[in-house]
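Participant: One predicted model, sequence on top.
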Amino acid sequence: MLAKNAETMKALALKLFEINAFKFGDFKMKVGINSPVYFDLRVIVSYPEVMQTVSNLIQDYIKEHNLNAKHVCGVPYTALPLASIVSVQQNIPMLVRRKEAKAYGTKKLIEGIYSAGDTCLIVEDVVTSGSSILDTVKDLQSEGIVVTDAVVVVDREQGGAANIANHSVRMHSLFTLSFLLNTLLEAGKIQRETVESVAKYIAAVQIDSDGNFLGSKKEVVNDFVRSKIPFENRANLAKCELAKTLFNLMASKKTNLCLAADATKCSEVLEAADKCGPYICLLKTHVDILEDFSEQFVQDLLALAKRHNFLLMEDRKFADIGNTVSLQYAKGLYKISSWADLVTAHTLPGRSIISGLKAGLNGDDGVVAKSRGVFLLGEMSASGNLIDDKYKEASAKIATEGADVDFVAGMVCQSSECFAFPGLIQLTPGVKIDEASDSLGQQYNTPEYVVKEKGADIAVVGRGIMSAKSLEKAAVLYRDRLWAAYTDRLASKQ
Ligand SMILES: O=c1ccn([C@@H]2O[C@H](COP(=O)(O)O)[C@@H](O)[C@H]2O)c(=O)[nH]1
């Protein structure tokens, strides 16, 4: 790395983390193995300043190391725009490798003007085994083009460089995974445990001299699965300030119980909030079922939340177009954005659901987006609900990718398969100790089952507490069982 670029590199590493081009969790890789760390450099096309910085660094590297070649070729598809910028700014003619030969016409695999014997420099975004680079090298070589060097943005340090070197191509990387991890550690963005568990995984999952993953022949332990990380550590990974606050509150108060205070009189909600307040991290409301809603109720509820240290979530399940959602959130009788720390929303309208909510905070009441957040619905507990795997996957993408992830505190869902990112909170409703269902489609599971088997971080309990003879005793019982299930989950081997 050039000394003059050291600061730029560090700033870029932090920016890549901020824009989710670099994330931690439990990710399925192309090679079929799960990984605790994932790079998605496809997102950088949405950040022109990041594209410019990365391509400047590639160009500096090429000049500094005299990697002169007659052509430049990006490995499809993520590296194509980077290679294009290098080509234009350095005046090096580009070659484009097709992933599939055209079914008609020339049937060429390499587009551009070249002659056998020409040299070509490869540009790639991320290298794991190096197989994508080698596929491109093979197609270039079959046209008689000479490839000796490849510049990559990130080397995951799993043996890709050696694999490529076995085919007589030198790999040069701007970033190594270790550099990125250390930069995030130094900046306080991740903890030492994160660095150690990623390093342990990378050391265990290296490729052998035949280019195969050693880890694929044995059980790979990814101890970066979110259910194995304590809440206080997950707080450091959260992109949303409210998620950080909630994780820390859960860890310090030792509770992962959310009370669904579903009552139709304000006095009943306030009574439940006062009696159960010391044992909960979150109190969930449906203010539209209150028959006597008033501004005074909001003030009283806020005072109880402060006294007993819990957050408020209005389970509004917003689902309209952005403009309507912004008005439903901030205006009307309930002025939800002025008092609810968190709200829930369906992902049915797409990403505009989040921008609509954020727009609702642009009014003149002084509430800032940093002090608010949303839980997106990824699954429902109602039997026969219409959510399928495709919808679930798309919802998880909205929660984990793009500029608005700083507003997403977590997902309302029934299982850990819904999302992998440990900086998000899984909120699971449908929890009751002694019943499996109600007469209107609600399905229940026990506290132990939802936390240990299904990955719930916070369990939502409504009638299990609200219908009990003693609200306080019921809250203590659920709090104790849920917290014990969480500590068992952390301690268990699998
Ligand atoms: O999928 C979902 C989403 C939200 N809920 C809400 O949680 C509570 C559950 O109440 P219980 O009395 O414990 O059944 C309620 O407010 C629902 O609106 C859900 O149940 N399922």
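Facilitator: That came through, no problem. Numbering: from 1, shown residues only.
Participant: give me the low-pLDDT residue ranges for the stretch 1-150 of the chain?
Facilitator: 1-4, 30-32, 101-107 (pLDDT under 70).
Participant: which bits of it sit near the ligand?
Facilitator: Listed as neighbours of the ligand in the stretch 1-150 of the chain under the rule Cβ under 6 Å from any ligand atom: no residues. The C-beta positions use only the backbone N, C-alpha and C, and glycine is treated the same way.
Participant: how far away is residue 422 from residue 230?
Facilitator: Relative to residue 230, residue 422 is positioned 10 Å away (Cβ to Cβ, to the nearest Å).
Participant: I'd like the distance between residue 55 and the ligand.
Facilitator: Residue 55 sits 45 Å away from the ligand, going by Cβ to the nearest ligand atom, to the nearest Å.
Participant: Run through the residues that contact that residue.
Facilitator: 82, 85, 86, 89 (Cβ atoms under 8 Å, 6 or more residues apart in numbering).
Participant: okay, the residues you listed in a markdown table with secondary structure and neighbour count next?
Facilitator: Formatted as a markdown table, those follow (DSSP: H, G, I helix; E, B strand; the rest coil; neighbours: other Cβ atoms under 10 Å):
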| residue | secondary structure | neighbour count |
| --- | --- | --- |
| 82 | helix | 24 |
| 85 | helix | 19 |
| 86 | helix | 24 |
| 89 | helix | 13 |
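Participant: Make a markdown table out of those residues and add distance to residue 379.
Facilitator: Formatted as a markdown table, the contacts of residue 55 follow (distance: Cβ to Cβ, whole Å):
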| residue | distance to residue 379 |
| --- | --- |
| 82 | 37 |
| 85 | 41 |
| 86 | 44 |
| 89 | 47 |
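Participant: Looking at these, which is nearest residue 73?
Facilitator: Within these, the smallest distance to residue 73 is 10.2 Å, found for residue 86 (Cβ to Cβ).
Participant: more neighbours, residue 422 and residue 230?
Facilitator: Shown here are residue 422 and residue 230; by other Cβ atoms under 10 Å, residue 422 has more neighbours (26 against 14).
Participant: before we move on, the earlier item: from the contacts of residue 55, which is closest to residue 207?
Facilitator: So of those, ranked by how close each gets to residue 207 (Cβ to Cβ), first place is residue 82, at 24.4 Å.
Participant: OK, contacts around that closest one?
Facilitator: Taking Cβ under 8 Å, 6+ apart as the test, what residue 82 contacts is 51, 54, 55, 58, 74, 123, 125, 153.
Participant: Find the helix or strand that the third one is a member of.
Facilitator: With the criterion set as DSSP states H and E, the secondary-structure element containing residue 55 is helix 48-64.
Participant: Output that helix in PDB, but only the C-alpha positions, please.
Facilitator: The C-alpha trace of helix 48-64 is given here as PDB (Å, rounded to 0.1, in the frame of the first residue of the first chain):
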ATOM      1  CA  PRO A  48     -20.000   7.600  -7.000                       C
ATOM      2  CA  GLU A  49     -17.500   9.000  -4.500                       C
ATOM      3  CA  VAL A  50     -16.700   5.400  -3.400                       C
ATOM      4  CA  MET A  51     -16.300   4.300  -7.000                       C
ATOM      5  CA  GLN A  52     -14.000   7.200  -7.600                       C
ATOM      6  CA  THR A  53     -11.800   6.400  -4.600                       C
ATOM      7  CA  VAL A  54     -11.600   2.700  -5.300                       C
ATOM      8  CA  SER A  55     -10.700   3.200  -9.000                       C
ATOM      9  CA  ASN A  56      -8.100   5.900  -8.000                       C
ATOM     10  CA  LEU A  57      -6.500   3.400  -5.600                       C
ATOM     11  CA  ILE A  58      -6.400   0.700  -8.400                       C
ATOM     12  CA  GLN A  59      -4.900   3.200 -10.800                       C
ATOM     13  CA  ASP A  60      -2.200   4.300  -8.200                       C
ATOM     14  CA  TYR A  61      -1.400   0.700  -7.600                       C
ATOM     15  CA  ILE A  62      -1.000   0.000 -11.400                       C
ATOM     16  CA  LYS A  63       1.300   2.900 -11.800                       C
ATOM     17  CA  GLU A  64       3.300   2.300  -8.600                       C
END
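Participant: Name the residues of that helix that come out as buried.
Facilitator: 50, 51, 53, 54, 55, 56, 57, 58, 59, 60, 61, 62 (16 or more other Cβ atoms under 10 Å).
Participant: One more: stretch 484-494?
Facilitator: Per 16+ other Cβ under 10 Å, stretch 484-494 contains these buried residues: 485, 486, 489.
Participant: pretty sure the first one is touching residue 447, no?
Facilitator: So the one you mean is residue 485. Yes. Counting by Cβ atoms under 8 Å, residue 447 is a contact partner of residue 485 at 5.7 Å.
Participant: Which two among the contacts of residue 55 are spaced furthest apart?
Facilitator: Longest span within the contacts of residue 55, Cβ to Cβ: 82 and 89, 10.9 Å.
Participant: pLDDT at residue 202, what is it?
Facilitator: Note for residue 202: predicted pLDDT of 88.
Participant: and it, helix, strand or coil?
Facilitator: Of the three states, residue 202 takes helix according to DSSP: H, G, I helix; E, B strand; the rest coil.
Participant: Quick one: neighbours of it, just the number.
Facilitator: Around residue 202 there are 20 residues (other Cβ under 10 Å).
Participant: Can you give me the first-to-last residue distance of stretch 152-172?
Facilitator: 6 Å (Cα to Cα, to the nearest Å).
Participant: Repeat that for stretch 167-182.
Facilitator: 31 Å.
Participant: There's contact between residue 368 and residue 361 in this structure, I believe.
Facilitator: Yes. Using Cβ under 8 Å, residue 368 is in contact with residue 361, at 6.7 Å.
Participant: ok, the two, which is more surrounded?
Facilitator: Using other Cβ under 10 Å, the more surrounded residue of residue 368 and residue 361 is residue 361, with 20 against 9.
Participant: Confirm for me that that one is in contact with residue 369.
Facilitator: Yes. Counting by Cβ under 8 Å, residue 361 touches residue 369, with 5.2 Å between them.
Participant: so what strands line up beside the helix or strand where residue 376 lies?
Facilitator: Taking DSSP H and E as the criterion, residue 376 maps to strand 373-377. Take DSSP bridges as the rule and strand 373-377 pairs in its sheet with strand 342-346 (parallel), strand 408-412 (parallel).
Participant: highest average neighbour count across the ones you listed?
Facilitator: Of the strands paired with strand 373-377, the one with the most neighbours on average (mean count of other Cβ atoms under 10 Å) is strand 408-412, at a mean of 28.
Participant: Am I right that residue 37 sits in a strand?
Facilitator: Yes. The assignment for residue 37 is a strand, going by three-state DSSP.
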